[in-house]
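1. sequence and predicted model, in that order:
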Amino acid sequence: MTASPAVSDIRDARGRFRPGSSGNPVGKPKGCQNWSTRLTPFLQDDDFETFARKLIDAARDGNMTAIRMLLDRFDPKPRGRPVGIVAEGTLVERC
């Protein structure tokens, strides 16, 4: 059994990984496929529209999981802070 490095060797004072020492140093195996790629061969041509229609119908019937899924895809949370754009003044004043 090999000795594991001390936590202070792997993480900094804030608890984040130090450069070069991640929590998964080996990473994903080469050729590993995500779920979408794995499931695509099993879908038929009309399945996507059928599933989308069922999801929309479930949301209309009050299924909160379906509603959340649709809202997350069609109206995602904004990332970052909004930036105000100033249209008046010279270029130097706007910067």
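-> Yep, it's here.
2. low-scoring stretches of this protein, by residue?
-> 1-8, 23, 95 (pLDDT under 70).
3. pull out the buried residues from the top helix by length along the chain.
-> Across the chain, the helix with the greatest residue count (assigned by DSSP state H) is helix 47-60. By 16 or more other C-beta atoms under 10 Å, the buried positions in helix 47-60 come out as 55, 58, 59. From N, CA and C alone the C-beta is placed, and that goes for glycine too.
4. measure how buried residue 69 is and give me the count.
-> 14 (other C-beta atoms under 10 Å).
5. so it touches residue 55, yeah?
-> Yes - counting by C-beta atoms under 8 Å, residue 69 touches residue 55, with 6.8 Å between them.
6. against which helices or strands is the longest helix of the chain packed?
-> Helices and strands touching helix 47-60, by 3 or more C-beta pairs under 8 Å, 6 or more residues apart in numbering; DSSP states H and E, are helix 64-74.
7. just want the angle from the helix it packs on to helix 47-60.
-> 120 degrees (axes from the mean of the first three to the mean of the last three C-alpha atoms, to 10 degrees).
8. report the buried residues of helix 64-74.
-> residue 66.
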